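Chemist: Model the following, please.
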Amino acid sequence: MYHKDMPSFLDDPVSILRGVGAYYIKKLTKLGIVTIEDLLSHFPVRYETPPQVTKISEIISPGIYTVVADVKTIQVRRAFRRRLFIVEGTLGDSTGNIKVVWFGQSYLARSIPTGSVGVFSGKVSETKNGLSLQGPTYEIISRTPIDHEHIDLDRYDLKHTSGLVPVYPETRGLTSRGIRFLIKPLLTRVEEIPEWMPESILRTSGLPGIGKSFRDIHFPDSLEDALKARTRFAFGELFLLQLFLLLARKNNQKLSAPAIAVDIPGVKEFLKTLPFTLTIGQKRAAWDILQDMAGSFPMNRLLNGDVGSGKTVIAFIAALQALRAGYQAVLLVPTEVLARQHFERAKQLLSPACVSVALCLSKEIQISTEGMNGEIKRSSFLSLLIEKTPLFVIGTHAVIQKDVRFSRLGLVIVDEQHRFGIHQRQALLKGKEKDGNAPHLLTMTATPIPRTLALTIWGDLDISLLSEFPMGRKQIITKVMSEMRRAALYAFVRKEAASGNRIFIICPRIEEPEKELTYTEYLRLDTKAVKQEHERLQQKVFPELRLGILHGKLKSLEKESAMRDFMSGKTPILVSTSVIEVGVDVPDATVMIIEGADHFGLAQLHQFRGRVGRSEKQSYCFLLSGTGTKTALERLTGFAKTHDGFALAEQDLKSRGPGEFVGTKQSGIPDLAMSSLKDTSLVVAARTSAQKLLEHDPSLKIFPFLKKRLAGFGGEIHLE
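Modeler: Now for the predicted structure:
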């Protein structure tokens, strides 16, 4: 945060600060603090309010107290048979004395000398020797005895024992006390920081300036001031993010792309060959995409569809349009299993259109075209691309290797977990084609995302939403099951397997604790593990069936093999972790059992449920609670009654935050902005302010500090 557009003292290393040597530099670096700017931007997680000063004689029971006292005695001793130093002493005022003790902080004996006067605040506990003040926060106000009976503490610059005391993210060896010690002196210089936020926006939004915000977020006079300061910083980051995305959209429109005219008769003819009828939502999304592709600048659209909403066929329609216009198209997917799945589906649906489809994997290339169907050499495949052959290429990251060069790329489709960030999207849009055109880009995600969140994360994209189910699909019957019904559930699984159907069993963890467990203890565990559950089910529950296993620690070939066996029916039951959350399409899968369901977010549960019900067969989703608490059961019962993925996503956004959808560490969004994405009104306000500003000043000439700040911000985020 806050560099490049700020004065030099913010760029200074923290090593210039008094008391910061090699030891503390290491600790600060662990917290991501390298510069003064980083330190000022290390915001509190909460505030504590020390109690009013109490006379020692009034402390008659355990509790939290603050006293102003003389240090009567102070000494260090080592605990018997333990490598632990204990600092203990006696504090006194005119009304009495009290014992005080700190554990593992031997240096305090030097910091709190006998005869000094200090403010001590902390927990008083009952010990075998009477009441004792345990590990209190302290501040020494005099190194020599003074009359402190009627002392005015407001005269002292108290950081740790008065007012609202900030509590920061800490690391071993560096507590909030140390961080407060470093930050408070810096606040005398915050007025030197120039304001980068336009004054009109601050005034309209009722937000404080940058200097006051830094003071109030660290040492506020009231919780209201602290909240306003935090809101200002959150709004500022959201505002910069929106500016960045809106400018990216504007820059995208400066690029040129092949204008692929909408072939309405051709599309209608293709739709007649499909074994199903598109929903209204699918037709609307397809039309939006085809209209975008007819433009002279690159399409940059996100197709956000609920599970099972039929995004793939829309991608095929777009690819067919590009191929018929003489261009090449690419579909990037996260796994080889999914790539093969899409390839087979494309061959089936696109065969009446007589177009060429290729599968590109790291060690295998297949092609399906007129007069050719099967594996081909890599050199032959690369030649087809260079010769401008209209070809629909479906593959994994192997498609974007250096030697794979498209000579006439018209459309790039990115499916689910690739989650290319904005920089990668821009790189794809710029293209390397000789004619200077950039390809059109369609990004697809199967995770229903609230529209306000989508506008924030993918604000440089146009968005199409799919929430309807394809015609002929039956609603998945979802039930919360108790442990008492487990035997009946397993009997139902046997029946489904005997009918040729597939069954998913999801576990939250890969392995159990090392200690041996009885069967009863095992059933009572709040989270089941895939390895032990697979073994138990195979040996004790379904010995007559073959069970597969899938989890993140398996090698790629093992994962691919597990999925192939499951899809073919060789292993009708697959015990898995959340790795099957997206992308897997097994039409014969009719049962989804989720162990420890309360350990997953609603959006993730909806993704699991979406792995079944992908044909005309009736499908089921069974939820088993790990904890069995009333709150967990109520939440799961509510989920069982709701089949709208976008409604569930809104609930998750409010209760669990945006990390449920985009990942916290992987998002590339500053932490404060990320945590603020659930505040819809703040997101909308930031986007509206960014739009209005760019309307009046598209190049930000009037706001040089903002322009520099935005340049620094753009270098930090990646939005993968």
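Chemist: Please, where are all the strands along the stretch 451-600 of the chain?
Modeler: Remark: strands assigned in the stretch 451-600 of the chain by DSSP state E, counting those that start in this stretch are 462-466, 477-481, 502-506, 547-550, 573-576, 589-594.
Chemist: How about the stretch 201-350 of the chain?
Modeler: Taking DSSP E, counting those that start in this stretch to define them, one finds strands in the stretch 201-350 of the chain at 300-305, 328-332.
Chemist: Comparing those, which comes out most buried?
Modeler: Compared across the strands of the stretch 201-350 of the chain, strand 328-332 shows the largest average neighbour count, a mean of 26 (mean count of other CB atoms under 10 Å). (Glycine included, C-beta is placed from N, CA and C.)
Chemist: And the strands of the stretch 451-600 of the chain: which comes nearest S676?
Modeler: S676 lies closest, by CB to CB, to one member of those: strand 462-466, at 20.5 Å.
Chemist: Provide the strand pairings for that closest one, with the direction of each partner.
Modeler: Strand 462-466 pairs in its sheet with strand 300-305 (parallel), by DSSP bridges.
Chemist: how distant is the partner strand from the center of its chain?
Modeler: Computed by CA atoms, centre = their mean, to the nearest Å, the chain-centroid distance of strand 300-305 equals 19 Å.
Chemist: ok, now stretch 161-170?
Modeler: For stretch 161-170, the distance to the chain centre is 28 Å (CA atoms, centre = their mean).
Chemist: could you dump the strands of the stretch 201-350 of the chain to TSV with mean pLDDT?
Modeler: Compiled in TSV, the strands of the stretch 201-350 of the chain are given as follows (pLDDT from 0 to 100):
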stretch	mean pLDDT
strand 300-305	86
strand 328-332	92
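Chemist: For the ones you listed, could you give me TSV that also reports distance to H160?
Modeler: What follows is those, written out as TSV (distance: least, CB to CB, whole Å):
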stretch	distance to H160
strand 300-305	48
strand 328-332	54
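Chemist: Indicate which one of those is closest to D644.
Modeler: Nearest to D644 among the strands of the stretch 201-350 of the chain is strand 300-305 (12.8 Å), distances taken as CB to CB.
Chemist: what does the model give L227 for pLDDT?
Modeler: Per-residue confidence at L227 stands at 92 (pLDDT).
Chemist: actually S351, not the one I typed
Modeler: 90.
Chemist: ok, now the one 10 residues further on?
Modeler: Taken from the predicted model, the pLDDT recorded for L361 is 89.
Chemist: what's around it, how many residues?
Modeler: 18 (other CB atoms under 10 Å).
Chemist: Quick check: it touching V337?
Modeler: No: between L361 and V337 there is no contact under CB atoms under 8 Å: 10.5 Å.
Chemist: which neighbours do these two share?
Modeler: Counting by CB atoms under 8 Å, 6 or more residues apart in numbering, no residue touches both L361 and V337.
Chemist: and the helix ranked longest in the chain with strand 300-305, angle?
Modeler: Longest helix in the chain by number of residues (criterion: DSSP state H): helix 223-252. Angle, helix 223-252 to strand 300-305, by axes from the mean of the first three to the mean of the last three CA atoms, to 10 degrees: 120 degrees.
Chemist: Is it possible to get TSV of the strands of the stretch 451-600 of the chain that adds distance to I36, mean neighbour count and mean pLDDT?
Modeler: Below are these laid out as TSV (distance: least, CB to CB, whole Å; neighbours: other CB atoms under 10 Å; pLDDT from 0 to 100):
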stretch	distance to I36	mean neighbour count	mean pLDDT
strand 462-466	40	20	85
strand 477-481	53	17	95
strand 502-506	48	25	95
strand 547-550	49	22	94
strand 573-576	48	26	95
strand 589-594	48	25	96
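Chemist: T642 is nearest to which of these?
Modeler: Distance to T642, taken as CB to CB, is lowest for strand 477-481 among those, at 8.8 Å.
Chemist: what's in contact with that closest one?
Modeler: The contact list for strand 477-481 (CB under 8 Å, 6+ apart) reads 489, 597, 609, 618-625, 633, 636-637, 639-641, 643.
Chemist: Sort out which of these are in helices and list them.
Modeler: 489, 609, 633, 636-637, 639-641.
Chemist: Lowest pLDDT pick from those residues?
Modeler: L633 (86).
Chemist: ranges for the helices of the stretch 201-350 of the chain?
Modeler: With DSSP state H, counting those that start in this stretch, the ranges of helices along the stretch 201-350 of the chain come out as 210-218, 223-252, 264-273, 280-293, 311-324, 336-350.
Chemist: For S106, which of these is the nearest?
Modeler: helix 210-218 (29.3 Å).
Chemist: For the closest one, what is the distance to the chain centroid?
Modeler: Counting by CA atoms, centre = their mean, helix 210-218 is centred 28 Å from the centre of its parent chain.
Chemist: relative to helix 223-252, how tilted is that helix?
Modeler: Angle between the axes of helix 210-218 and helix 223-252 is 120 degrees (criterion: the same axes, to 10 degrees).
Chemist: Cheers, nothing more for now.
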